[in-house]
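Engineer: one predicted model, sequence on top.
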Amino acid sequence: MTSNNPIDAPLALFGGQPVIADPLPPVVTMGEDDIAAASDVIRSGVLSGYIGAPGEAFMGGPRVRAFEAQAAEYFGVRHAIAVNSWTSGLVAAVGAIGIEPGDEIITTPWTMAATATAILHWCGIPVFADIDRDTFNIDPASVERQIGPRTRAVIAVDIFGQSADMVALRDVCTRHGLKLLGDCAQAPGAKVFDRMAGSLCDIGGYSLNYHKHIHCGEGGVIVTDDERYARRLALIRNHAEAVVQGERPADLANMLGFNFRMGEIEAAIASVQLGKLAPRVAARQRAAAQLDAGLAGLPGLKTPRVAVGNTHAYYIYGLQLDVSALGLPRARLIEALKAEGVPGLVGSYQNLHLLPMFRHKVAYGTGGFPWASPYCERTIHYGPGQCPVAEQLHAQSFLGLALGQFAHGPEQIAQVIAAFHKVWGQLDRLRPAPGALATAAVPMAATATQAASAQRRPAGATA
Ligand SMILES: *Cc1c(COP(=O)(O)O)cnc(C)c1O
């Protein structure tokens with residue numbers, strides 16, 4: 001491949017032959033075993049075992065329960081609660097810890113929107129802390145600076161597949177009496193000092209949507225060691241208010257239930273998929289090691305850092321560009337890499353604090369609720385300048401490779417590396433005329449619009 005497409009051949013962007021001439025094939029996630037498991041359920045005729053009333057069927061059908069037992073064992077926790085999406089899981093988790101209207105929860109802006117909207121669904125107030133430049137995860141020191149009298153919890157996100165700094169975050173939470181929730185949607189199978197990410201939080205959990213490491217179309221699983229939380233999560237999942245009639249009034253708080261129930265087909269597939277998680281994570285780790293070695297030494301390009309004690313599940317392989325050293329805006333490099341056939345490129349990510357919904361405080365109705373209500377005791381500000389690290393990465397220097405979007409065996413990864421080398425070998429030809437770069441750089445004021453348009457991308461792009 002490289003022999004008939006040498007590194008100094010004309011760039012595909014300028015009409016040359018692309019390094020990756022045939023599109024890399026997609027990842028195959030479903031096998032005969034998944035098909036057999038789903039077919040068994042259909043043949044049984046019972047596609048859901050739930051009833052939203054007291055009794056045996058309140059906790060779901062046999063496949064749901066079997067999947068929960070398997071997940072609890074796999075992730076090393078006492079309780080696993082299956083739900084119909086991880087967004088549902090996040091909403092249930094915020095309700096289960098007993099959030100009152102106006103309570104604040106600190107989280108990261110560098111995540112999928114559901115992390116923060118789960119807080120608003122209980123009329124809690126999301127407060128954003130900045131992220132760590134090396135790992136893209138929430139920065140514990142920034143969390144500590146955001147704590148106020150109404151702060152009740154932190155939601156850490158294991159972004160791109162690597163756990164947030166759980167040791168430091170647990171320390172902050174213990175000192176301030178806060179609960180620690182974990183959005184581990186992108187990090188199933190990732191470890192922190194030999195424990196599964198997610199098992200170190202008061203409540204954690206994983207997504208099983210089509211784009212994640214393992215999936216059942218749509219689904220999620222919540223994990224916790226806490227008996228009381230497990231019960232509350234199961235109640236919120238299934239119309240709690242119909243079941244808790246006999247309880248003391250204090251136990252009725254946040255027992256406004258939903259239908260977050262997972263069906264039997266999804267549970268059957270999820271069980272089979274969980275058995276494939278370890279080899280899938282291992283394959284991504286091999287791809288990442290190959291990329292680390294193959295991209296090392298390319299100037300102005302930094303490969304991902306894995307923090308001490310962590311293993312990384314590489315939902316996204318997160319690079320950073322030194323745009324000033326390169327003398328090139330990120331968009332130009334992406335254009336050139338895409339032309340060479342590199343799939344799964346993610347330019348920029350989320351800055352939730354810049355989304356119009358937060359900046360204009362429009363969630364419930366148009367009157368600013370819950371921010372503009374007697375429940376909210378201090379003015380929370382959302383806007384540019386609040387999370388400078390996240391804003392800089394979003395606007396300029398982050399470049400991701402979504403490994404789930406293409407087959408990533410050694411041969412495919414070798415082609416991706418060759419494409420990077422070809423582009424990096426000809427940066428001069430991509431550089432704008434002197435003086436043009438200053439206008440090409442993204443001014444800070446533009447980042448809100450950018451975040452808004454990033455948010456409108458099809459979900460498959462990043463979520
Ligand atoms: C995918 C994802 C979610 C939402 O999960 P769903 O199962 O799609 O509802 C939440 N947070 C993060 C970080 C995600 O990547």
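Structural biologist: Structure's in. What do you need?

Engineer: list the residues that contact the nearest residue to T107 once chain neighbours are set aside.
Structural biologist: Nearest residue to T107, sequence neighbours excluded (Cβ to Cβ, 6 or more residues apart in numbering): I155, at 4.2 Å. Yep, even glycine has a C-beta here, placed from its N, CA and C like the rest. Going by Cβ atoms under 8 Å, 6 or more residues apart in numbering, I155 touches 90, 94, 105-108, 115, 118-119, 181-183.

Engineer: quick one: P188 from the ligand, how far?
Structural biologist: 11 Å (Cβ to the nearest ligand atom, to the nearest Å).

Engineer: can you check the pLDDT for that residue?
Structural biologist: We have a pLDDT of 98 for P188.

Engineer: again, but for R457
Structural biologist: 38.

Engineer: what of Q245?
Structural biologist: 79.

Engineer: and what about it, helix, strand or coil?
Structural biologist: What DSSP: H, G, I helix; E, B strand; the rest coil gives for Q245 is coil.

Engineer: what's the burial count for it?
Structural biologist: As a burial measure, Q245 scores 8 neighbours (other Cβ atoms under 10 Å).

Engineer: repeat for L90
Structural biologist: By the measure other Cβ under 10 Å, the count of residues near L90 is 28.

Engineer: doesn't it belong to a strand?
Structural biologist: No - under three-state DSSP, L90 falls outside any strand and is assigned helix.

Engineer: next, the contact list for the nearest residue to it once chain neighbours are set aside, please.
Structural biologist: Leaving aside its sequence neighbours, L90 sits nearest to A118 (Cβ to Cβ, 6+ apart; 3.6 Å). Residues near A118 by Cβ under 8 Å, 6+ apart: 87, 90-91, 93-94, 155.

Engineer: go again with 10 Å.
Structural biologist: A118 makes contact with 86-95, 99, 105, 107, 124, 126, 155, 181, 183, according to Cβ atoms under 10 Å, 6 or more residues apart in numbering.

Engineer: same thing with L326?
Structural biologist: Contact analysis of L326 by Cβ under 10 Å, 6+ apart lists 298-301, 332-333, 397, 424, 427, 430-431, 437.

Engineer: what do you get if the cut-off is 6 Å, keeping everything else the same?
Structural biologist: Applying Cβ atoms under 6 Å, 6 or more residues apart in numbering, we find L326 in contact with G300.

Engineer: could you pull up phi and psi at the residue nearest to the spatial centre of the chain?
Structural biologist: Among the residues of the chain, Q186 comes closest to the average C-alpha position under Cα atoms, centre = their mean, at 4.6 Å. Main-chain dihedrals, Q186, degrees, to the nearest 10: phi -100, psi 0.

Engineer: ranges for the strands of the protein?
Structural biologist: For the chain, the strands defined by DSSP state E occupy 79-83, 104-107, 125-128, 151-157, 179-183, 191-192, 195-196, 203-207, 220-224, 301-302, 316-321, 345-347, 398-402.

Engineer: tell me the strands beside the longest one, with direction?
Structural biologist: Pairing partners of strand 151-157, with direction, according to DSSP bridges: strand 104-107 (parallel), strand 179-183 (parallel).

Engineer: to the ligand, which of these lies closest?
Structural biologist: Comparison of these against the ligand by Cβ to the nearest ligand atom identifies strand 179-183 as nearest, at 4.8 Å.

Engineer: give me the buried positions along stretch 77-86.
Structural biologist: Across stretch 77-86, burial judged by 16 or more other Cβ atoms under 10 Å covers 77, 79-86.

Engineer: which one of the residues you listed is nearest to D33?
Structural biologist: Distance to D33 across those (Cβ to Cβ) is lowest for A82, with 19.0 Å.

Engineer: report the beta-bridge partners for that closest one.
Structural biologist: Where A82 sits in a bridge, its partners, by DSSP bridges, are V221.

Engineer: mind listing what the residue nearest to H408 when sequence neighbours are not counted touches?
Structural biologist: Leaving aside its sequence neighbours, H408 sits nearest to A287 (Cβ to Cβ, 6+ apart; 4.1 Å). By Cβ under 6 Å, 6+ apart, A287 lies in contact with 403, 408, 413.

Engineer: any idea how far A363 is from the first one?
Structural biologist: Distance, L403 to A363, by Cβ to Cβ, to the nearest Å: 34 Å.

Engineer: the more surrounded of the two?
Structural biologist: Neighbours were counted for L403 and for A363 using other Cβ under 10 Å; L403 has more, 26 against 17.

Engineer: which parts of the top helix by length along the chain are buried?
Structural biologist: Identified as the longest helix of the chain according to DSSP state H is helix 277-295. Across helix 277-295, burial judged by 16+ other Cβ under 10 Å covers 277, 280-281, 283-285, 287-288, 290-291, 294-295.

Engineer: can you give me the end-to-end span of stretch 319-334?
Structural biologist: For stretch 319-334, the first-to-last residue distance is 12 Å (Cα to Cα, to the nearest Å).

Engineer: that stretch - what's its average pLDDT?
Structural biologist: 96.

Engineer: wouldn't G300 be in contact with Q320 here?
Structural biologist: No - shown here, G300 and Q320 do not form a contact pair, counting by Cβ atoms under 6 Å, at 9.2 Å.

Engineer: residue contacts, the residue of the stretch 251-400 of the chain found nearest the ligand?
Structural biologist: Nearest residue of the stretch 251-400 of the chain to the ligand: Y315, at 7.1 Å (Cβ to the nearest ligand atom). By Cβ under 6 Å, 6+ apart, Y315 lies in contact with 160-161, 186.

Engineer: closest to the ligand out of the residues you listed?
Structural biologist: Of all these, the ligand sits closest to Q186, with 4.6 Å by Cβ to the nearest ligand atom.

Engineer: if we can go back for a sec, so which of G300 and Q320 has more stuff around it?
Structural biologist: Q320 (21 against 17).

Engineer: does that one have any beta-bridge partners, and if so which?
Structural biologist: Beta-bridge pairing for Q320 (DSSP bridges): K302, F398.

Engineer: enumerate the residues of the chain near the ligand.
Structural biologist: Listed as neighbours of the ligand in the chain under the rule Cβ under 6 Å from any ligand atom: 85-87, 111-112, 114-115, 157, 183, 185-186, 207, 209, 220, 463.

Engineer: from those residues, which shows the smallest pLDDT?
Structural biologist: A463 (37).

Engineer: ok, back up a step: most tightly surrounded among the strands of the chain?
Structural biologist: strand 203-207 (a mean of 31; mean count of other Cβ atoms under 10 Å).

Engineer: run a quick neighbour tally on L252.
Structural biologist: Applying other Cβ under 10 Å, we find 13 residues neighbouring L252.

Engineer: can you get me a residue count around the nearest residue to it once chain neighbours are set aside?
Structural biologist: Nearest residue to L252, sequence neighbours excluded (Cβ to Cβ, 6+ apart): V244, at 6.0 Å. Around V244 sit 16 other residues, with neighbours defined as other Cβ under 10 Å.

Engineer: just checking, A129 touches I147?
Structural biologist: No - the pair formed by A129 and I147 falls short of the contact definition of Cβ under 6 Å, at 9.4 Å.

Engineer: pretty sure M255 is one of the things the residue nearest to L252 touches, is it not?
Structural biologist: Yes - V244 is within contact range of M255, at 5.0 Å (criterion: Cβ under 6 Å).
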